[in-house]
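Undergrad: Give the three-dimensional model of this entry:
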Amino acid sequence: MPSNLPNILIVDDNTSYLLYLEIILFDVKANIYKAESGPQALEIIKDVEISMAILDVHMPIMNGFELALKLNAKRTGNKIPIIFLTSDSPVIEKMLKGYESGAVDYIIKSLNKKVLISKINVFLELFWQKQQLIEKTEKLKQSEKELLLAKEQLEQVNEHLIKAIEEERTNISYKVHDELGNQSQHSRWI
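TA: Just a heads-up that it's a prediction; the model follows:
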């Protein structure tokens, strides 16, 4: 999978719905990682930086809330945005639990393709803006290093010039002294 694209995790225990999500996301410019359970999802993305996740709320073994908590457990400020999918009308208590575990939105199945894609595109736009900031920061750091190197080189050239000027002054002073000394001796002979 291309490494410069964002990574989206989709998890649903219903293989037909998982395939449906994959078809909906076919034209999205992202790497899609799919899993049929929370444990499988955690195994699949072990060494992958996930940009966003679309999780079914009701799954056996590990529900979507538990998976969301595990996905974001070791993250401090850079939480994975999560869209929860549910076939039930979300109850306020469950929605709050979902938001506490990292949800940014809930969508009731059967979902509208345009709604899901527009929500995903918002997060992908944020991903690309973050990538641009990272690239600009790296360029600024590189420019700063180059400026520091140029400053050091300029300081070395400046020191060299100061030494050369001092040496030239010393040489001129010796020459003037010698000339004056020679003139003084020459005038004594006359």
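
Undergrad: Any chance of the backbone angles for the spatially most central residue of the chain?
TA: Central residue check for the chain by C-alpha atoms, centre = their mean: the C-alpha nearest the mean position is that of residue 134, 4.7 Å away. Main-chain torsions, residue 134, degrees, to the nearest 10: phi -60, psi -50.

Undergrad: And it, how far from residue 128?
TA: 11 Å (C-beta to C-beta, to the nearest Å). Every C-beta, even on glycine, is put in place using the N, C-alpha and C of the backbone.

Undergrad: got it, and residue 36?
TA: 29 Å.

Undergrad: low pLDDT regions in this protein?
TA: Applying pLDDT under 70 to the chain flags residues 1-3, 75-77, 88-95, 97, 99, 101-102, 106-108, 111, 182-190.

Undergrad: what ranges do the strands span in it?
TA: 7-11, 31-35, 52-56, 82-86, 103-108 (DSSP state E).

Undergrad: Which strands border the second one, and is each parallel or antiparallel?
TA: Based on DSSP bridges, the pairing partners of strand 31-35 within the sheet are strand 7-11 (parallel).

Undergrad: which residues touch the partner strand?
TA: 1, 18, 21-22, 25, 28, 30-38, 40-41, 44-45, 48-56, 59, 64, 67, 71, 80, 120 (C-beta atoms under 8 Å, 6 or more residues apart in numbering).

Undergrad: try it again with 6 Å
TA: The contact list for strand 7-11 (C-beta atoms under 6 Å, 6 or more residues apart in numbering) reads 21, 30-35, 41, 45, 48, 50-55.

Undergrad: closest to residue 138 among those?
TA: residue 51 (18.8 Å; C-beta to C-beta).

Undergrad: wait, what's in contact with the residue nearest to that closest one when sequence neighbours are not counted?
TA: Nearest non-adjacent residue to residue 51, counting by C-beta to C-beta, 6 or more residues apart in numbering: residue 6, 3.6 Å away. By C-beta under 6 Å, 6+ apart, the contact set of residue 6 is 30, 51, 124, 127.
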